[in-house]
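*Asks:* Requesting a structural model of the entry that follows:
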Amino acid sequence: MATLGTWLVTALGAATVVFFKSPNLKGLNIMLGFAAGVMIAASFWSLLQPAIERAEQASGLPPYIVATLGFLSGALFMWLSDKAVSLATRKAESTNIQPNERLHRIIMLTLSITLHNIPEGLAVGVAFGALQSQPLSAESITGAISVALGIGLQNFPEGAAVSVPLRREGYSRWKSFLLGQASGMVEPIAGVIGAALVVYIEAILPYALSFAAGAMILVAVHELIPECQRNRSSQPYSATMGIILGFAVMMLLDVMLG
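*Replies:* Have a look, this model is predicted:
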């Protein structure tokens, strides 16, 4: 139920795209920059910082090694995914099938946000699953609820971070919304897995969190930021201000909610 709530907030964030009756290039560039800022901030405060904190509590490799290995693995995974999509595009060209660059960018964006939502769902599942191994108290229940609440509120701008770029690529409002909310549907699945395998998931969670951070940073820097800066000559700072605002909003939510 907790992770269904976090998915619902993702869907509400994705629903913001419904208010765009017709795509305005300047407005969508700002929102695309906003999405990039959200992803960059979430990579640290929602993923890397918790990964380091959890790695410090575990007895094993030093936390900085865990975070670095996971981060580089996530970036490598997305790079290999990019190569696989590019290979498929070249194959389509060789068989006279029209390649779709929009689809390439959309796959990369949706995959990165979906990967980011998996460890978040695991974290909520672990928080509630751990309640079975300790005496129930108001403090322990409140702690688990606060994890779900914090992740849920962070998911609102993340839902928009998927649906708005899809709208920017020419997708309809409703299709952008449906794909945007779908990126959060992995959280309930991951939450159930985390609750069922709480002892085992706890050990790999730092790697999963930092893995997702590496994937998100690569997509934000390689795909979203260059895309939102296409009209930089006529609108030199609009998309840049979107990046700053997105970063600030996500940082505010993460720090305020702990």
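*Asks:* quick one: low-confidence ranges for the stretch 101-250 of the chain?
*Replies:* In the predicted model of the stretch 101-250 of the chain, residues 101-103, 130, 133-140, 143, 146-147, 150, 154, 231-234 satisfy pLDDT under 70.
*Asks:* Could you rerun that using 90?
*Replies:* Applying pLDDT under 90 to the stretch 101-250 of the chain picks out residues 101-187, 190-240, 242, 246, 249-250.
*Asks:* all helices in it, in order from the N-terminus.
*Replies:* Taking DSSP state H, counting those that start in this stretch as the criterion, the stretch 101-250 of the chain contains helices spanning 101-129, 138-168, 173-182, 186-196, 198-219, 225-228, 238-257.
*Asks:* Contacts only, for the residue nearest to residue 148 when sequence neighbours are not counted.
*Replies:* With CB to CB, 6 or more residues apart in numbering as the criterion, residue 148 has its nearest non-adjacent residue at 3.9 Å, and that residue is residue 2. For glycine as for every other residue, the C-beta is placed from the backbone atoms N, C-alpha and C. Residue 2 is in contact with 124, 128, 144, 145, 148, 191, counting by CB atoms under 8 Å, 6 or more residues apart in numbering.
*Asks:* again, but for residue 188
*Replies:* If you count contacts by CB under 8 Å, 6+ apart, residue 188 has them with 3, 4, 7, 121.
*Asks:* what does residue 47 give?
*Replies:* Under the contact definition (CB under 8 Å, 6+ apart), the residues listed for residue 47 are 116, 119, 209, 210, 212, 213, 216.
*Asks:* The third one and residue 43 touch, don't they?
*Replies:* No - here residue 209 does not reach residue 43: they are 9.8 Å apart, not a contact under CB atoms under 8 Å.
*Asks:* Counting neighbours, go ahead and name the busier of the two.
*Replies:* More neighbours sit around residue 209 than around the other of residue 209 and residue 43, counting by other CB atoms under 10 Å; the figures are 31 against 26.
*Asks:* Can you tell me how far that one is from residue 180?
*Replies:* Applying CB to CB, to the nearest Å, the value for residue 209 to residue 180 is 22 Å.
*Asks:* what do you get for residue 3?
*Replies:* Plainly put, residue 3 is 17 Å away from residue 180 if you go by CB to CB.
*Asks:* What of residue 250?
*Replies:* Separation of residue 250 from residue 180 (CB to CB) stands at 16 Å.
*Asks:* repeat for residue 41
*Replies:* The span separating residue 41 from residue 180 equals 18 Å under the rule CB to CB.
*Asks:* higher neighbour count, those two?
*Replies:* Looking at residue 41 and residue 180 with other CB under 10 Å, you find the greater number of neighbours at residue 180, namely 29 against 25.
*Asks:* Return the residues in contact with the more buried one.
*Replies:* Residue 180 touches 10, 11, 13, 14, 17, 159, 160, 162, 163, 166, counting by CB under 8 Å, 6+ apart.
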